[in-house]
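# Dropping the sequence and predicted coords here.
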Amino acid sequence: MAGKRVTVLGIFAADLTFRATALPGWGETLLGDHFQVGPGGKGSNQAIAAARLGAEVVFITKLGRDMFGALARRTYALEGVSDRHIHDSPDQTTGAAAIVVDAVRGENAIIVVPGASDDLTLAEVESAASDIAASSVFLTQFELKLPVVERGIRIAAQHGVKVILNPAPAMTVATSIYASVDYLTPNESEARLLSGLPVDSVSEAARAADFFLAHGARNVLITLGAQGVLVKNAQLCEHVPAVEAGRVVDTTGAGDAFNAGFAVAIAEGADLIPAARFGCAVAGAAVTRFGTAPAMPRREEVETLLGSSDR
């Protein structure tokens with residue numbers, strides 16, 4: 001596995017997923033179709049997906065001493081994700097997410113409470129510096145507090161490790177953060193909020209990408225759902241189509257699947273466009289089944305999907 005380590009900084013959240021045909025209004029109660037509890041959180045989903053794709057994965061996070069924290073640790077042991085930088089909070093409960101999935105379209109609405117992850121300290125991130133430095137790729141998001149995210153990015157950049165920032169959920173940040181980012185991976189709504197520009201078409205996504213490039217990001221990949229991903233840097237601008245694997249039943253975690261697949265491909269030395277296509281295949285497989293982390297595909301499935309789509 002040498003040269004294939006992916007270190008992920010992010011949160012674990014227990015996903016409480018409800019399937020229903022409509023969202024209730026305030027004060028309204030609706031009957032749903034299905035309910036399940038499983039492992040989630042963007043960083044955790046990405047770590048698990050990367051491990052299933054064959055990477056050596058180190059995950060940095062913080063958990064409560066409760067049943068959801070125990071679920072996380074069991075999951076990492078099963079999936080082969082290193083827990084040597086997973087810390088315990090004696091005071092906070094483990095993070096959780098309420099997810100409502102449209103039973104017909106597969107789209108979702110999510111509320112996340114980071115919980116114990118909010119207690120992750122700068123010193124605890126610093127304690128993982130040697131593992132970050134030994135990685136091929138460092139991947140993080142905006143579900144943690146911004147100073148913690150920035151510290152992780154700074155450590156990776158100082159050691160020449162490729163930095164992937166998945167800026168989700170979108171938040172107001174100083175544009176100087178982009179100068180340390182090798183690959184910025186917002187979706188349409190995140191790109192719109194961060195750039196202040198419309199992102200309703202591939203051409204508009206290209207213009208939004210220019211905003212991030214102008215502020216220092218070296219490569220921008222704007223994920224466009226069923227339309228795939230727009231990839232742009234100073235030398236190229238290319239639209240990579242989505243990879244279809246079957247009927248879409250649940251889009252929750254599609255962005256996490258893409259980021260994990262892209263990170264693994266970059267860690268293995270793939271060029272930009274093939275790495276983006278690999279990420280699209282991972283996402284394409286994930287949305288054909290329910291859940292987030294449990295829906296992440298194995299390497300063999302992705303390679304089979306890519307082989308069939310090339311024919």
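Now that the structure is in, tell me what you want to look at.

# rest of the way, CA atoms for contacts and neighbours
Fine.

# any idea how far residue 289 is from the spatially most central residue of the chain?
Nearest to the mean C-alpha position of the chain, by CA atoms, centre = their mean, lies residue 256 at 3.1 Å. From residue 256 over to residue 289 the distance is 14 Å, taken as CA to CA, to the nearest Å.

# same thing with residue 94?
25 Å.

# swap in residue 120?
32 Å.

# all strands of the stretch 1-150 of the chain, in order?
5-9, 13-20, 34-40, 56-64, 81-89, 94-102, 108-115, 137-141 (DSSP state E, counting those that start in this stretch).

# before we move on, back to that, in terms of pLDDT, where does the nearest residue to the residue nearest to the centre of the chain once chain neighbours are set aside sit?
Once flanking residues are discounted, residue 256 sits nearest to residue 46: 5.2 Å by CA to CA, 6 or more residues apart in numbering. Looking at residue 46, its pLDDT stands at 98.

# Enumerate every residue touching the residue nearest to residue 241 when sequence neighbours are not counted.
Nearest residue to residue 241, sequence neighbours excluded (CA to CA, 6+ apart): residue 228, at 4.4 Å. Contacts for residue 228 (CA atoms under 8 Å, 6 or more residues apart in numbering) come out as 239-243, 280.

# one more time with 7 Å
240-242, 280 (CA atoms under 7 Å, 6 or more residues apart in numbering).

# buried sites along the host helix or strand of residue 275?
Per DSSP states H and E, residue 275 falls inside helix 272-286. For helix 272-286, the neighbour count (16 or more other CA atoms under 10 Å) marks 272-273, 275-286 as buried.

# next helix or strand past it?
Heading C-terminal from helix 272-286 (DSSP H and E), you reach helix 299-309.

# Between helix 272-286 and that next one, find me the angle.
110 degrees (axes from the mean of the first three to the mean of the last three CA atoms, to 10 degrees).

# Helix 299-309 packs against which elements?
When contacts are defined as 3 or more CA pairs under 7 Å, 6 or more residues apart in numbering; DSSP states H and E, helix 299-309 packs onto helix 272-286.

# give me that answer again for 10 Å
helix 42-52, helix 272-286 (3 or more CA pairs under 10 Å, 6 or more residues apart in numbering; DSSP states H and E).

# between those helices, which gets nearest to residue 220?
helix 272-286 (10.4 Å; CA to CA).

# Just the buried residues of stretch 72-91, please?
Result for stretch 72-91 [16+ other CA under 10 Å]: buried residues 72-73, 75-76, 79-83, 85-89.

# Next: stretch 124-134.
Applying 16+ other CA under 10 Å to stretch 124-134 flags 124-125, 128-129, 131-134 as buried.

# if we can go back for a sec, what about residue 94 and residue 289, which has more around it?
residue 94 (28 against 19; other CA atoms under 10 Å).

# who does the nearest residue to that one once chain neighbours are set aside bridge with?
Sequence neighbours aside, residue 64 is the residue nearest to residue 94 in space, at 4.3 Å (criterion: CA to CA, 6+ apart). The partner list for residue 64 in beta bridges (DSSP bridges) reads residue 89.
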